[in-house]
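Trainee: Build me a structure from this.
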Amino acid sequence: MSEQDTRRFMIRDRNWHPKALTPDYKTSVPRSPRQALVSIPQTASESTGPDFSHLELGRFDNDLLLNFNQGGLPIGERIILAGRVVDQFGKPVTQTLVEIWQANAGGRYRHKNDRYLAPLDPNFGGVGRTRTNAEGYYSFRTVKPGPYPWRNGPNDWRPAHIHVSVSGPSIATRLITQLYFEGDPLIPMCPIVKSIANPEAVQSLVARLDMTNANPMDCLAYRFDIVLRGQRQTHFENC
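Mentor: Numbers count the residues shown, from 1 in each chain. Below you'll find the model as predicted:
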């Protein structure tokens, strides 16, 4: 495949992503647009940069077991989360910034608006960042987050999940999604997941158990590959 072929623009498939207004996901009601979307041409500052290859990262930025250490290790199941960021043709997206944020093992975020009764973990901040390497790979070490109830319905629960941000080649290409864990029975019950009509799109959000990358007697591993656009694209959040 020639370099020119790899630069072809792939029109976004609006049927792949959920509708902005999905009433059963109640917070989509006030946040969804009421008028037709308008396409705004991008300026050079939006379509170029920043160059993340020059971003200085801390030693433990991608290690959530250590980057908020207050004298001990976080409570919970230790896991490795790793994968690859590629474009629609399988070409690696190199030196792009990948950020994650999540609840702790009890299902609580370190956020002032989180009032869930699960305790905060003094040794877990719940955020991390890294860059993809020359082959598009990224890796984090963290704890598996817990599920938590949310005020959508009388007994709605979010499955265990981790939020993921991928910056792409420029600030205008930042995409945000969330991953779930293989085998979680709460996934098909979640109103946010139910807003996704295509079962294949839901599966693109599931991190798979990856025993080949696990550390024996230490932690399991999950693999979550991200395809930015095209036939095997990963689903990204609309709301």
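
Trainee: what does the average pLDDT come to for the top strand by length along the chain?
Mentor: Criterion DSSP state E: the longest strand present in the chain is strand 78-86. The pLDDT scores in strand 78-86 average 97.

Trainee: Please export the C-alpha coordinates of that strand as PDB.
Mentor: Below are the C-alpha coordinates for strand 78-86, written out as PDB (Å, rounded to 0.1, in the frame of the first residue of the first chain):
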ATOM      1  CA  ARG A  78      -3.400  -5.600  40.200                       C
ATOM      2  CA  ILE A  79      -3.600  -5.600  36.400                       C
ATOM      3  CA  ILE A  80      -1.700  -4.600  33.300                       C
ATOM      4  CA  LEU A  81      -3.600  -2.800  30.600                       C
ATOM      5  CA  ALA A  82      -1.900  -2.700  27.200                       C
ATOM      6  CA  GLY A  83      -2.600  -2.500  23.600                       C
ATOM      7  CA  ARG A  84      -1.900  -0.800  20.300                       C
ATOM      8  CA  VAL A  85      -3.200   2.300  18.600                       C
ATOM      9  CA  VAL A  86      -3.500   2.000  14.800                       C
END
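
Trainee: Residue ranges in the protein under the pLDDT threshold?
Mentor: Counting by pLDDT under 70, the chain shows low-confidence ranges at 1-12, 230-239.

Trainee: can you give me the helices in it?
Mentor: Applying DSSP state H to the chain gives helices spanning 28-31, 44-47, 191-194, 199-203.

Trainee: Quick one: closest of the ones you listed to Glu182.
Mentor: Nearest of these to Glu182, taken as Cβ to Cβ: helix 199-203 at 9.7 Å. The C-beta positions use only the backbone N, C-alpha and C, and glycine is treated the same way.

Trainee: can you list contacts of the closest one?
Mentor: Contacting residues not belonging to helix 199-203 are listed as Trp16, His17, Ile187, Val193, Ile196, His235 [Cβ atoms under 8 Å, 6 or more residues apart in numbering].
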